[in-house]
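> have a look at this fold, sequence not included:
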DNA sequence: CTGAAAGCGCTTACAG
DNA sequence: CTGAAAGCGCTTACAG
């Protein structure tokens, strides 16, 4: 594609009257350890610089078996949470001399698998995946092949892999507990399709808090939103909740998008928050602080997740021999604001 | 890295008793055009499937000279605007059989150039760049080498390249004109470091609107925020504006982040919006709609930008012969809400 | 101290 | 209808 022909190792070899081997050693900083003379080293370096030599990484990777690229697979790169993780991953990767390819799955297992396949075909060295959780078989296959990867945000309880997640059950419990302590009794929960085990965990926390307080879990107050049609689905679900008897006094949203759409709809329905209905959510957005009222939420430690995931992955890449599995569960806490 | 050895073309050749050439033709769908017999084709396909053959794209790329990868370089992938562009680019790329690598520059020209170099070394086929605009020389070099790339969001007026930007001057003018029409007279402008020509354009629009209305441009009402220290810098600048005489009655922010930090600070200063001071901004966020009051803003057509950029780039890649330069200036319009 | 040669896994012009 | 061979731009075990 580039019209100006790139200069190759061979060109430098010709120019310096040396072999490709010698040039390769020198350019890879292995001159000293191969006892190549100072003059030779300097000559090669000089010529490489003068000719503006840039190694072809495709060739390097093919012969070395390392692409120095890692892949990041997330549901949506447009979600600030995942974008932040991507950002951190990129920074860490840069310090290690890696670049990162990414792909969005839209929570669709086929897309997820396509991305995994493509990335493997491109010989990506390792993967960080926020799985749709409907791709168990393939993830298991990856693990069985001992391919280096780490799961983030979601994990398969049935597969023993590296992962970095948060305290979903406990923090969910804390959130609902807080609502109950403040006196709310009819606490609805709006969540997404329950095959995501992290959602199940958040539900379990909700349940535990209620039961501990002697409140029966009312299935009619638990609404599941369609992941692929969130805006409308949230609207419908909220309208249903508004008709519930006895009247609900709080809604706990299990993700920040749900809270966003929910807040929006409650507003158009002229529900006063928190006077009529209190709200809060798992996950956060920098913008929530500026809402009226500011939304009580559980911020996700995106940076930390990205950092840990990167750390684990690079450990794997740098010491493929080591066989330990790292499973991180990061604590997350409620940030109280004014919405409940 | 993978412990299970991948099966290669050669394995299939051995298994089927055919040459690598024949196998390669067939696997690339060139069986028919090379007059390879139906049986042979079917046999190869069957064996490839049975052995679960996956081509090594590194090798493919090295010999074909095409990596089927494009690179995206933006200031911050965490900015929803750029994340949306990234998302669209990815979708388009996928339909074309390409993957995308990305990198964030943090507006630093050195990082930008490092990313460009790395991506080129990795033989990326083309680039989409939201440049820091302090990298003129290198961008010019890219252009001179006839390397396929398209600039987004920002362009160099001094270099003739493909780009996709928005109507900065005109829309800025419209926004300020609207403020003036509503009766605001002392309109401050908060912007970022002015070497970004799109910021200059927005400033020009501001100026034109004022002058047209017979209002002199007051330099003290124009504040420049430090791009690398936005939060604090915005705070200082707002405090200065609050002391200005005559008192300002509106602030026009030239980006959505500035509006975010500005709104936040105005709130802590207990300034009523729009009663005490009206605000509005270039750029938008889905959350602005839910602020109290909702912020009047100019939404960026992120999707369209991504789509156009991708279209132009793939045209370049698919028809390298064509020499036309495409420069898109997408119109953007004010979305009136309640903040002014 | 340095080099010839094989190999990484593909593609493709050429030959028959 | 199919194959032998050169080539893409590197790395590296081996030899001297």
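That came through fine. Here the structure is a predicted model, which means the values were calculated and not measured.
> list the contacts for residue A:326?
Taking C-beta atoms under 8 Å, 6 or more residues apart in numbering or on different chains, we find residue A:326 in contact with A:150, A:162, A:163, A:312, A:315. Every residue, glycine included, has its C-beta placed from N, CA and C.
> from those residues, which land in helices?
With helices defined by DSSP state H, the entries of the contacts of residue A:326 inside them are A:312, A:315.
> ok, the contacts of residue A:326 vs residue B:25, which is closest?
Nearest to residue B:25 out of the contacts of residue A:326 is residue A:150 (C-beta to C-beta; 39.3 Å).
> hmm, the closest one is touching residue A:161, no?
Yes - assessed by C-beta atoms under 8 Å, residue A:150 is found in contact with residue A:161 at 7.4 Å.
> need the max-distance pair from the contacts of residue A:326.
By the measure C-beta to C-beta, A:163 and A:315 form the most distant pair in the contacts of residue A:326, at 14.0 Å.
> of these two, who's got more company?
Per other C-beta atoms under 10 Å in any protein chain shown, whichever of residue A:163 and residue A:315 has more neighbours is residue A:163, with 24 against 16.
> for the more buried one, give its distance to residue A:129.
9 Å (C-beta to C-beta, to the nearest Å).
> common neighbours of the two, please.
A:150, A:151, A:152.
> quick check: the last one vs residue A:164, distance?
To tie it back to what came earlier, the one meant is residue A:152. Distance from residue A:152 to residue A:164, by C-beta to C-beta: 5 Å.
> from residue A:244, how far out is residue A:183?
18 Å.
> what's the neighbour count on residue A:195?
Around residue A:195 sit 11 other residues, with neighbours defined as other C-beta under 10 Å.
> verify the stated contact: it with residue A:135.
No - assessed by C-beta under 8 Å, residue A:195 is found out of contact with residue A:135, at 11.2 Å.
> so where do the strands sit in chain A?
Ranges of strands in chain A, per DSSP state E, are A:69-74, A:99-104, A:126-129, A:149-152, A:163-166, A:187-192, A:222-225, A:250-253, A:278-282, A:296-298, A:327-330.
> need the winner for burial among the ones you listed.
Among the strands of chain A, ranked by average contacts under mean count of other C-beta atoms under 10 Å in any protein chain shown, first place goes to strand A:250-253 (a mean of 28).
> what does it rub up against?
The contact list for strand A:250-253, computed with C-beta under 8 Å, 6+ apart, reads A:175-176, A:179, A:184, A:186-191, A:206, A:238, A:241, A:259, A:262, A:274, A:277-282, A:340.
> recalculate using a threshold of 7 Å.
Strand A:250-253 is touched from outside by A:175-176, A:179, A:184, A:187-190, A:206, A:241, A:259, A:262, A:277-281, A:340, with contacts defined as C-beta atoms under 7 Å, 6 or more residues apart in numbering or on different chains.
> show me what that strand pairs with in its sheet, parallel or antiparallel.
strand A:187-192 (parallel), strand A:278-282 (parallel) (DSSP bridges).
> can you add mean pLDDT and give those strands back as a markdown table?
Shown next, in a markdown table, are the strands paired with strand A:250-253 (pLDDT from 0 to 100):
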| stretch | mean pLDDT |
| --- | --- |
| strand A:187-192 | 96 |
| strand A:278-282 | 98 |
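> mind checking which of those is nearest residue B:46?
Of all the strands paired with strand A:250-253, strand A:187-192 sits nearest to residue B:46, with 42.1 Å by C-beta to C-beta.
> can you list the strands paired with strand A:250-253 in a markdown table and add distance to residue B:300?
Putting the strands paired with strand A:250-253 into a markdown table (distance: least, C-beta to C-beta, whole Å) gives the following:
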| stretch | distance to residue B:300 |
| --- | --- |
| strand A:187-192 | 28 |
| strand A:278-282 | 27 |
